[in-house]
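Student: Below are the sequence and a predicted model for it; my questions follow.
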2 protein chains.
Amino acid sequence: MGVTKSKLFSPAQNELAELAKALAHPARIAILQHLLKARACINGDLVLETGLAQPTISQHLRALKALNLIQGTVEGVSMSYCINPGRWQEVRALFNGFFDAYTPLPGADDCC
Amino acid sequence: MGVTKSKLFSPAQNELAELAKALAHPARIAILQHLLKARACINGDLVLETGLAQPTISQHLRALKALNLIQGTVEGVSMSYCINPGRWQEVRALFNGFFDAYTPLPGADDCC
DNA sequence: TTTATTCATTGCAATATTACGATGAATAAA
DNA sequence: TTTATTCATCGTAATATTGCAATGAATAAA
C-alpha cells in the first residue's frame, strides 16, 4: 500500500533506510558531490550543473536539508549551500558500521 | 512526472543512487543485517523475523538480488539466501569513495 | 517606484513503490 | 495419487516520488 511499516523495525534500521533514501536519486548525489568539491555553492549553479528545473533542485535541496546533510545561508540575493561537516562524518560512520558487519570467514567458502 | 532523468547524470552517479535505493527501506536493511549475522538464511525465517507477509519479503529479496547484493540457492524445499561477498566489498568501496570525498580544511570554519 | 534576479512554495500529472491476497510451480511426504 | 510446504508471480489498492509551470517573497538595481 505504498506505506512502509516503520514500527516493525528498529530506530537504527529506520534511520539508515531514511539516509539511504536521501542518496537514492542521482540528482541528490550530483548535488552533494558538487557541494563536496566546491565547498560551497549557490543554488543557481546547481540548476546549470544538473540541467533540472529550479523548483526541482529546490525540492531536492529541501530533502537533503531535512536530514541535516546540508545547510544553507543567505548570500546577498543568492542562497549558499554547503555540506554539514559534523553530520557528514556521523552518516559516514553509520554506513561504515553497516558495511563492516560483514567479515569473510578465513579460508572458507562460507556461502551458498 | 515520477521519472528520474538518468541521462542527465553520470553512470557512477546513477549506480550509486540505485544502490542507495536498494538500502532505502528498513525491511531490506533488516534482511541484509540478518544475512550478515546468520551468514545464510532460509526465506521462511525472514518472514518470521520481519513480520511482513511472504510475498512482500520475496519482493524485497528480488530487489536485492537484482543488484547482486545477495544470492540464493535451493535448499531442499526451502530457499537459502546469503550475502554476495565480492559484490558487498565492491559496494562498500563505492560508498566509502563517496563519503571520503569530503575532507575538512585544517583549522578553518570553511562552511556557511 | 519599477524592474530584474533569485530562490521557495503550491498544485498538478505521470510514474514508482509498498504491501497483501490469490494463485501457480515445484518438491517432499503420506 | 493426494496433500502439505515453500517460495515466486500476478493483480490490486494505497501512498510516495519526480518534475515542471505558475506563483510568491525578498532583495538589489534602475
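Tutor: Thanks, I have the structure now. Numbering: from 1, shown residues only, chains lettered A, B, ... in the order given.
Student: Neighbouring strands of the helix or strand bottoming out on mean pLDDT in chain A in the sheet, and parallel or not?
Tutor: The helix or strand of chain A with the poorest confidence is strand A:41-42; it has a mean of 87 (mean pLDDT, DSSP states H and E). Using DSSP bridges, the strands paired with strand A:41-42 are strand A:78-83 (antiparallel).
Student: ok so, going back, so does the very next helix or strand once past the least confident helix or strand of chain A get close to DNA strand D?
Tutor: Going down the chain from strand A:41-42, the next helix or strand is helix A:43-50, by DSSP states H and E. No - for helix A:43-50, no contact with DNA strand D is found by C-beta under 7 Å from any atom of the strand; the gap never falls below 8.7 Å. The C-beta positions use only the backbone N, C-alpha and C, and glycine is treated the same way.
Student: Contacts for the following helix or strand past helix A:43-50, please.
Tutor: Using DSSP H and E, the helix or strand that follows helix A:43-50 in sequence is helix A:54-66. Helix A:54-66 has contacts (C-beta atoms under 8 Å, 6 or more residues apart in numbering or on different chains) with A:22, A:25, A:27-28, A:31-32, A:43, A:46-47, A:50, A:52, A:70-72, A:81.
Student: A:C41 is in contact with A:E75, correct?
Tutor: No - assessed by C-beta atoms under 8 Å, A:E75 is found out of contact with A:C41, at 10.1 Å.
Student: hang on, the earlier thing: and of the contacts of helix A:54-66, the nearest to A:A101?
Tutor: Among those, A:A22 lies closest to A:A101 (C-beta to C-beta), at 21.0 Å.
Student: give the contact list for the closest residue to the closest one other than its chain neighbours.
Tutor: Excluding its sequence neighbours, the residue lying closest to A:A22 (C-beta to C-beta, 6 or more residues apart in numbering or on different chains) is A:L67, at 5.1 Å. Contact analysis of A:L67 by C-beta under 8 Å, 6+ apart lists A:E18, A:L19, A:A22, A:R87.
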